[in-house]
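Participant: Sequence below, structure please.
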Amino acid sequence: MTRLTTTEALTTLAEDVVATGFDANRRRLAEVVSSARSQGIRPVLTDIVADATAPRPVRERALGRLIVALCAAAASAEPAGSATAASAA
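Facilitator: Below you'll find the predicted structure:
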């Protein structure tokens, strides 16, 4: 099972959801929702993304905001001397 933790992977997922829909990306979305929930990141957003009955535009907006929150959490978890942290400075 591939973990979606990088900005690139999350961006690709968002693009794929826009192009092919939520159903076609169900497994990857479940991984993102599970990861966000285990980290305690934005429970309302994870609930919306996981809710197949929510309107697509609402889910897309929630997914975008969730991805931003996951990327921010990953960036803050980077060690200060890492290459990613250094390039962000």
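
Participant: how far away is the residue nearest in space to the middle of the chain from residue 11?
Facilitator: Among the residues of the chain, the one closest to the centroid is residue 67, at 3.4 Å (C-alpha atoms, centre = their mean). Distance, residue 67 to residue 11, using C-beta to C-beta, to the nearest Å: 7 Å. Heads up, the C-betas are built off the backbone N, CA and C, glycines and all.

Participant: ok, residues contacting stretch 42-59?
Facilitator: Here stretch 42-59 makes contact (C-beta atoms under 8 Å, 6 or more residues apart in numbering) with 21-23, 29-30, 32-33, 36-37, 62-63, 65-66, 69.

Participant: cool, and stretch 63-73?
Facilitator: Contacts with stretch 63-73, where a contact means C-beta under 8 Å, 6+ apart, come from 5, 7, 10-11, 13-14, 17, 29, 32, 35-36, 39, 41-42, 45-46, 49.

Participant: rerun at 10 Å
Facilitator: 4-7, 9-11, 13-14, 17-18, 22, 25, 29, 32-33, 35-36, 39-42, 44-46, 48-49 (C-beta atoms under 10 Å, 6 or more residues apart in numbering).

Participant: buried sites along it?
Facilitator: Across stretch 63-73, burial judged by 16 or more other C-beta atoms under 10 Å covers 63-64, 66-67, 69-70, 73.

Participant: any idea which of these is least confident?
Facilitator: Lowest pLDDT within the buried residues of stretch 63-73 is found at residue 73 (86).

Participant: Nothing else from me, thank you.
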